[in-house]
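Student: Just need the structure, nothing else, for what follows:
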Amino acid sequence: MLEGKVAVITGSTSGIGLNIAIKLAEAGASIMLNGFGDPVEITQLCTSLEQTYKVQVKYFGIDLAQATGPQTLLTYTQQTLGRIDILVNNAGIQYVAPIESFPADKWETILALNLSAAFYGIQAALPLMKEQKWGRIINIASAHGLVASAFKSAYVAAKHGLLGLTKTVALETASENITCNAICPGWVLTPLVERQIQERAQQQGITYEQASRDLLSEKQPSQRFVSPEEIGDLAVFLCGPGGNSMTGAALSVDGGWTAQ
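Tutor: The predicted structure follows:
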């Protein structure tokens, strides 16, 4: 379905991003991975994806919290893979603290990676997509792009901003055969969420399993974590024929979280 297309997925060496990369590769797209991790393991990952799905897979680990990072990533992609058709802005970090004690450096870094990096990536990708007369942009937002939680001011602000950016890009590209949508997952068992569960368990003196159940019961009526594969399947749909007229949407995949 996506043969001949090239997809850039930020934050794709693990979790949601990696599963999106796997699903897009399975659909025939060549892949540019980005993120942090052990260099040997990442090399093995690229080789495994290439052999399994018979597509090109490259990796570029630049820090996207730097303003020049997204442009550098996309330039490298065009140089190595020849084009850019799909951009998935997935890279993100989290920090939890009350507003009055929220560290300024954490605020700046979270907004830089979770929001500004998406803006700069889109800004760099749009001229290429317009020239090709086709493009798909997917921003991985969050249920926290639609509703708030205490102690997550920077993350919530960034994800709300990402939805606003999604809508603006959709309006500016509506007649260009380019779509821009946001996926808003609830709790997905990613390394980021696992760290939150571990911290909760340590702070409350409970088991990891109990902390997981408590986390789900607070927000997610389905009482189960969303799987990263589900997010990957939705990304493939948005890039395929069924997503041609979908743009500017915030798509909840949250087990009923934001229906409450």
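Student: Tell me how many other residues surround Ala67.
Tutor: 12 (other Cβ atoms under 10 Å). For every residue, glycine as well, the C-beta is placed using N, CA and C.
Student: Quick check, it in contact with Phe119.
Tutor: No. Here Ala67 lies out of contact with Phe119, judged by Cβ atoms under 8 Å, at a distance of 9.7 Å.
Student: Ser222: what's it in contact with?
Tutor: Counting by Cβ atoms under 8 Å, 6 or more residues apart in numbering, Ser222 touches Leu216, Gly255, Gly256.
Student: ok, how many other residues are close to Ala124?
Tutor: By the criterion of other Cβ under 10 Å, Ala124 has 20 neighbours.
Student: quick check, it in a helix?
Tutor: Yes. Applying DSSP: H, G, I helix; E, B strand; the rest coil, one finds Ala124 inside a helix.
Student: how near is it to Thr72?
Tutor: 9 Å (Cβ to Cβ, to the nearest Å).
Student: hey, where'd the helices end up in the protein?
Tutor: Taking DSSP state H, the helices of the chain run over residues 15-26, 39-53, 69-81, 104-111, 117-132, 153-173, 191-204, 208-219, 228-239.
Student: Show me what the fourth one is packed against.
Tutor: Judged by 3 or more Cβ pairs under 8 Å, 6 or more residues apart in numbering; DSSP states H and E, helix 104-111 is in contact with helix 153-173.
Student: pLDDT averaged over the helix it packs on, what's the number?
Tutor: The pLDDT scores in helix 153-173 average 98.
Student: For it, name the packing helices and strands.
Tutor: helix 104-111, helix 117-132, strand 135-140, strand 178-185.
Student: For these, could you give me a markdown table that also reports mean pLDDT and distance to Leu87?
Tutor: Shown next, in a markdown table, are the helices and strands packed on helix 153-173 (pLDDT from 0 to 100; distance: least, Cβ to Cβ, whole Å):
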| stretch | mean pLDDT | distance to Leu87 |
| --- | --- | --- |
| helix 104-111 | 98 | 19 |
| helix 117-132 | 98 | 5 |
| strand 135-140 | 98 | 5 |
| strand 178-185 | 98 | 9 |
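Student: Brilliant, that's me finished.
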